[in-house]
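*Asks:* could you work out the structure for the sequence below:
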Amino acid sequence: MTRISHTLFAISTCGLLATAAAAQQSAVRRPDPRLNLAPGWTDARQAILNLELVAHRPRPDGFVNAADPGSFAFANSDLAFAGDLVFQGSFNGWQVWDISDPGKPTLRKAFPCPGGQGDLSIHRNLLIMSVEMPNGRVDCGTTGVSDSVSADRFTGVRIFDVSDLDRPRQVAAVQTCRGSHTHTLVTDPNDPANIYVYVSGVSPVRPAAELAGCSGLPPEQDAATALFRIEVIRVPVAAPHEARIVNTPRIFADSTGNIAGLWQGGTHGTGTQETAVTDQCHDITAFTEIGLAAGACSGNGILLDIRDPANPRRIDQVTDPNFAYWHSATFNNDGTRVLFTDEWGGGTQPRCRVTDRPEWGANAIFTREAGRLRFAGYYKIPAQSATENCVAHNGSLIPVPGRDIMVQGWYQGGISVFDFTDPAHPIEIAYFDRGAISTTRVVLGGHWSAYWYNGLIIGSEIARGLDILRLTPSEFLSENEIEAARLVRMESFNAQNQTKFSWPATFVVARAYVDGLLRSDGLRRAWADDVREQLDSAERMSGAARQAPLSALAARLETEAQTTRDAARLRALAAVVRALAMPR
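*Replies:* Numbering: from 1, shown residues only. Predicted coordinates:
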């Protein structure tokens, strides 16, 4: 298997231009500035590469425990996005930030509502929240529940109407047997009247005396067990109060309905990781446009057919002896690759130390070939200190044409931006990190998640608040590529519900493809310079005068694509040029 070095960049130089390879090897030899940063809660030193920190905002009052600022009870968690608003979950409720001016984000609303990590999704005026801890109350109160069995307890999925952010209303609360550690919002293009919510519960099964029908027995003793299943909630968009569970599919079963072929728990052998039995999913990422979802499910990665969203069906599964806990998943833009994360240590432990194996607590990248997943490579950030909780966590794609680039939170390992276009040799191209909260003990902190949203990178920092960053040009990413990524605009974004990126036919998108091709040596420099010159010349023309030279250039690129090793990107470039040649 491919192994990732603990050095800053550990890649093969095959397929890269000598200039980029030389720069990367130079970075390897230099001490990593992320190591040994001065610690602190609000005053820790920072290290940043190829990013700009645009703004930082601390957690608001009511979401900070002054006696212990890194307290788990008040930790920030995941993000959802709508318009100019960022919805930030936490273990004490949720916050809403207005980022219409990214340099001056303002707190729009803070809404206390405890009950677990509080993962969020947004669909139009509906905010969906996961609840899993026993202190969750039906009324969203903050007093908790003291009885072991109580009608006041709530664990499951809350739905709020946030049409009026000053007066959010809980309009539905769907109870589930194992609560909702995370959830996935799934849309169906054939059913716009409804949305679906896949519930991933990892908590112990609740007693039937509290929620009728809950059973923690093994399936051979009770076919209706709450184990080895997820819940599917259907939410009528116009009547969210009618939300209800419509299916409890056993996605862990094989094609015959038997719970088979999945990890049974334990180690994979000497020197391998120990993983719990696969009877739950931690996270499921849906990609509706390709009809697939990827489940990160304790001891397995699972590929699902979701063309019928109410009835997800398992079509493939993989294991990895280096994975301790399959945590989350991300598809590349065309669905040919799936990246899974391993949350070794549960996110609360330092799992990026120099003594830790680089395959453990890392990303594993799989290709999807003929419907099956095939291992390709690992990616892990460089070593961090022994008091920084650090492991692979949540992130999303950055829409750079022709490349698979992802931004990701690594807890106190900070934020890392990396390219996995070559899945066997991923490379880091940017990062942002702060020093440890403490150098004497592990205090929970760092970036729970980091996502790309409409030209910005937004990071949810567990202990410290909210970060907003921008990419800057470098030898690994050009200004054209960054500008092309900024052209992709989303009205809303939920990381566990991927949507396919598309780019307008513009000259900057064409130049972004040329830059990427040149960097991968898909085009010789002289050839690339000639293409750029022709694009520049055509852009100075107007109307029909552009048609002939751009059509000729597109034909030339299509011919070249028949012999180059980077044919897909060259064909994509040709398609943009041909679209630019069309009469307007």
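*Asks:* make it CA atoms for all contacts and neighbour counts henceforth
*Replies:* Noted.
*Asks:* phi, psi of Y513?
*Replies:* Y513 adopts backbone torsions of phi -60, psi -40, taken as degrees, to the nearest 10.
*Asks:* what's the pLDDT at I11?
*Replies:* pLDDT, I11: 26.
*Asks:* what of F63?
*Replies:* Looking at F63, the pLDDT reads 66.
*Asks:* same check on the one 3 residues further on?
*Replies:* In this prediction, A66 carries a pLDDT score of 52.
*Asks:* quote the end-to-end distance of stretch 198-207.
*Replies:* For stretch 198-207, the first and last residues are 22 Å from each other (CA to CA, to the nearest Å).
*Asks:* average model confidence for it?
*Replies:* 96.
*Asks:* what sits up against it?
*Replies:* Residues from elsewhere that reach stretch 198-207 (CA atoms under 8 Å, 6 or more residues apart in numbering): 132, 149, 156-157, 177-186, 214-216, 226-227, 230-233, 280-284.
*Asks:* buried ones in it?
*Replies:* Across stretch 198-207, burial judged by 16 or more other CA atoms under 10 Å covers 198-203, 205-207.
*Asks:* now the buried members of the contacts of stretch 198-207.
*Replies:* Counted by 16+ other CA under 10 Å, the contacts of stretch 198-207 give 132, 156-157, 177-186, 214-216, 226-227, 230-233, 280-284 as buried.
*Asks:* shouldn't C352 be in contact with T387?
*Replies:* No - using CA atoms under 8 Å, C352 makes no contact with T387, being 10.1 Å away.
*Asks:* tell me which of these two has more neighbours.
*Replies:* Comparing C352 with T387 by other CA atoms under 10 Å, the one with more neighbours is C352, at 29 against 20.
*Asks:* got the contact list for that one?
*Replies:* Contact analysis of C352 by CA under 8 Å, 6+ apart lists 358, 361, 381-385, 389-391, 413.
*Asks:* check the secondary structure at it for me.
*Replies:* Here C352 is recorded as coil under DSSP: H, G, I helix; E, B strand; the rest coil.
*Asks:* swap in A528?
*Replies:* Classification of A528 using three-state DSSP returns helix.
*Asks:* what's the pLDDT at it?
*Replies:* Value listed for A528 in the pLDDT field: 92.
*Asks:* what about it, how many neighbours?
*Replies:* Neighbours of A528 using other CA under 10 Å come to 18.
*Asks:* start the count at 878 instead of 1 going forward.
*Replies:* Sure, I'll start counting at 878 from here, so that last one is A1405.
*Asks:* need the contact list for T1032.
*Replies:* 992, 1007-1011, 1013-1014, 1052-1057.
*Asks:* of these, closest to F1370?
*Replies:* S1007 (16.8 Å; CA to CA).
*Asks:* just to revisit the earlier point, just the buried residues of stretch 1075-1084: which are in strands?
*Replies:* Here DSSP state E is the test, and the buried residues of stretch 1075-1084 give 1075-1077 as lying in strands.
*Asks:* can you list these in JSON lines and add distance to L1447?
*Replies:* What follows is these, written out as JSON lines (distance: CA to CA, whole Å):
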{"residue": "Y1075", "distance to L1447": "38"}
{"residue": "V1076", "distance to L1447": "41"}
{"residue": "S1077", "distance to L1447": "41"}
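*Asks:* what secondary structure does the residue sitting nearest the centre point of the chain sit in?
*Replies:* Compute the mean C-alpha point of the chain, and by CA atoms, centre = their mean the closest residue is G1272, 3.0 Å away. Assigned state for G1272: strand (three-state reduction, three-state DSSP).
*Asks:* cool, and Y1328?
*Replies:* strand.
*Asks:* for it, name its beta-bridge partners.
*Replies:* As for beta bridges, Y1328 partners with I1335 under DSSP bridges.
*Asks:* contact partners for it?
*Replies:* Y1328 makes contact with 1272-1274, 1284-1285, 1334-1336, 1372 under the criterion CA under 8 Å, 6+ apart.
*Asks:* cool, N1331 as well?
*Replies:* Neighbouring residues of N1331 by CA under 8 Å, 6+ apart: 1363-1367.
*Asks:* helices - which of these land there?
*Replies:* The helices, defined by DSSP state H, take in R1363 from the contacts of N1331.
*Asks:* is it possible to get JSON lines of the contacts of N1331 that adds pLDDT and neighbour count?
*Replies:* Listed next are the contacts of N1331 as JSON lines, based on pLDDT from 0 to 100; neighbours: other CA atoms under 10 Å:
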{"residue": "R1363", "pLDDT": "98", "neighbour count": "18"}
{"residue": "L1364", "pLDDT": "98", "neighbour count": "18"}
{"residue": "V1365", "pLDDT": "98", "neighbour count": "17"}
{"residue": "R1366", "pLDDT": "97", "neighbour count": "16"}
{"residue": "M1367", "pLDDT": "97", "neighbour count": "13"}
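*Asks:* OK, contacts around the nearest residue to P1276 once chain neighbours are set aside?
*Replies:* Distance criterion CA to CA, 6 or more residues apart in numbering; nearest residue to P1276, sequence neighbours excluded, is A1362 at 4.8 Å. Residues counted as contacts of A1362 (CA under 8 Å, 6+ apart) are 1275-1278, 1332.
*Asks:* for P1045, same thing?
*Replies:* P1045 touches 1037-1039, counting by CA under 8 Å, 6+ apart.
*Asks:* that one and D1029, how far apart?
*Replies:* 21 Å.
*Asks:* cool, T1207 as well?
*Replies:* Per CA to CA, T1207 is found 36 Å from D1029.
*Asks:* the more surrounded of these two?
*Replies:* T1207 (29 against 17).
*Asks:* got the contact list for the more buried one?
*Replies:* With CA under 8 Å, 6+ apart, T1207 has these contacts: 1162, 1171, 1215-1217, 1272-1274.
*Asks:* right, and out of the residues you listed, which lies closest to V1385?
*Replies:* The nearest member of these to V1385, counting by CA to CA, is L1274 at 19.5 Å.
*Asks:* tell me what that closest one is bridged to.
*Replies:* The partner residues for L1274, given DSSP bridges, come to M1283.
*Asks:* and the residue lying closest to W918 once chain neighbours are set aside, how many neighbours?
*Replies:* Of all residues not flanking W918 in the chain, I1314 sits nearest, at 5.1 Å (CA to CA, 6+ apart). Counted by other CA under 10 Å, the residues lying close to I1314 total 27.
*Asks:* helix/strand/coil for I1314?
*Replies:* coil.
*Asks:* against E1338, how distant is it?
*Replies:* 12 Å.
*Asks:* check E1435 too.
*Replies:* For E1435 relative to E1338 (CA to CA), the value is 46 Å.
*Asks:* ok, now S1040?
*Replies:* Relative to E1338, S1040 is positioned 27 Å away (CA to CA).
*Asks:* packing partners for the helix or strand that contains E929?
*Replies:* Element membership for E929 (DSSP states H and E) is strand 928-934. Packing partners of strand 928-934 (3 or more CA pairs under 8 Å, 6 or more residues apart in numbering; DSSP states H and E): strand 1304-1311, strand 1342-1348.
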